[in-house]
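Chemist: No sequence on hand, only this structure:
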């Protein structure tokens, strides 16, 4: 437990440094664009599949219960609110954490154990500014877009279930969905993904910089990054949900 809190303190200090380094130009635009592709387009296939399946499963699971009470017309609203407010942001963040955070940790850890980071310092290049800031900015920008995309696919998945079973057409489904959603649903769900993107990138970078011990250290850095990032996403979501309730309700 002592080691956990020590790591959490080090991670907090490492994170606050981003706001200092990221606020001062020049910026590594080329690096940012490359990492944005890693976060965004390379995550699209997995996010697409999970987003669509999330809507299909949610509709299939809840439809029998709604039918029991004669409330099938409320299913689009239930799916839309559940996905936009909570399931979409959190599940997308966990997927990206598993795919990207571990990759960031392994990539930077490889540079650490092969002394490439030391070579950057010798070349008068700030490793934090060059390696961490572009990755974190990419995470902050990419995750909200991925989440909005996953939300849309989940709602389409729910519609597929309703359409195949003959319960509802497209016009009625979209009308019910749009009428059920409000600013209080959309804004908190998307806003929290900026924080999740920051967490995923900064945790991967942190464990990469802490790596030691050769190839074994690279593996530990990748594993620790995924576990810690996923844990922090869940804990942070709990806090942000409460904040969202206080602000919007």
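Modeler: Alright, I've got the coordinates. What you see is a predicted model; the values in this text were computed from it and never measured.

Chemist: Could you measure from residue 229 over to residue 10?
Modeler: For residue 229, the distance to residue 10 equals 15 Å [C-beta to C-beta, to the nearest Å]. Yep, even glycine has a C-beta here, placed from its N, CA and C like the rest.

Chemist: Dead centre of this structure: give me the residue that sits there.
Modeler: With distances taken as C-alpha atoms, centre = their mean, residue 93 lies nearest the centre of the chain, 2.4 Å away.

Chemist: Please identify which of residue 229 and residue 10 sits among more neighbours.
Modeler: residue 229 (28 against 13; other C-beta atoms under 10 Å).

Chemist: SS state for the more buried one?
Modeler: The assignment at residue 229 comes out as helix when based on DSSP: H, G, I helix; E, B strand; the rest coil.

Chemist: ok, it touching residue 101?
Modeler: Yes: if you go by C-beta atoms under 8 Å, residue 229 and residue 101 touch, sitting 4.1 Å apart.

Chemist: who touches both of the two?
Modeler: 200, 203-204 (C-beta atoms under 8 Å, 6 or more residues apart in numbering).

Chemist: and for stretch 42-53, what are the contacting residues?
Modeler: When contacts are defined by C-beta under 8 Å, 6+ apart, stretch 42-53 is touched by residues 88, 91-92, 95-96, 99-100, 142, 146, 149-154, 156-157.

Chemist: I meant stretch 227-244, not that one.
Modeler: By C-beta under 8 Å, 6+ apart, stretch 227-244 touches 7, 11, 86, 89-90, 93-94, 97-98, 101, 188, 191-192, 195-196, 199-200, 203-204, 207.

Chemist: What's the PyMOL syntax to select whichever of those are buried?
Modeler: Only the buried entries of the contacts of stretch 227-244 go into this PyMOL selection, using 16 or more other C-beta atoms under 10 Å:
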select buried, resi 11+86+89+90+93+94+97+98+101+188+192+195+196+199+200+203+204+207
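
Chemist: Check the offset of stretch 35-44 from the chain's centre.
Modeler: Counting by C-alpha atoms, centre = their mean, to the nearest Å, stretch 35-44 is centred 12 Å from the centre of its parent chain.

Chemist: Where does residue 109 fall, secondary structure wise?
Modeler: If you go by DSSP states H and E, residue 109 is part of helix 102-113.

Chemist: Do me a favour and average the pLDDT over that helix.
Modeler: For helix 102-113, the mean per-residue pLDDT is 89.

Chemist: Reformat the shared contacts of residue 229 and residue 101 into CSV and put secondary structure, distance to residue 32 and pLDDT next to each item.
Modeler: Below are these laid out as CSV (DSSP: H, G, I helix; E, B strand; the rest coil; distance: C-beta to C-beta, whole Å; pLDDT from 0 to 100):
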residue, secondary structure, distance to residue 32, pLDDT
200, helix, 16, 94
203, helix, 19, 94
204, helix, 16, 93
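
Chemist: Now render those as a markdown table, adding distance to residue 16.
Modeler: Shown next, in a markdown table, are the shared contacts of residue 229 and residue 101 (distance: C-beta to C-beta, whole Å):
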| residue | distance to residue 16 |
| --- | --- |
| 200 | 17 |
| 203 | 14 |
| 204 | 17 |
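
Chemist: Pick the one among the residues you listed closest to residue 132.
Modeler: Distance ranking of the shared contacts of residue 229 and residue 101 against residue 132, using C-beta to C-beta, places residue 204 first at 9.4 Å.

Chemist: Do me a favour and get the backbone dihedrals for the residue of the chain most remote from its centre.
Modeler: Going by C-alpha atoms, centre = their mean, the residue of the chain most distant from its centre is residue 70, 36.1 Å out. Here is the backbone geometry of residue 70 (degrees, to the nearest 10): phi 60, psi 40.

Chemist: List the residues that contact residue 177.
Modeler: Residue 177 makes contact with 76-77, 79-80, 155, according to C-beta under 8 Å, 6+ apart.
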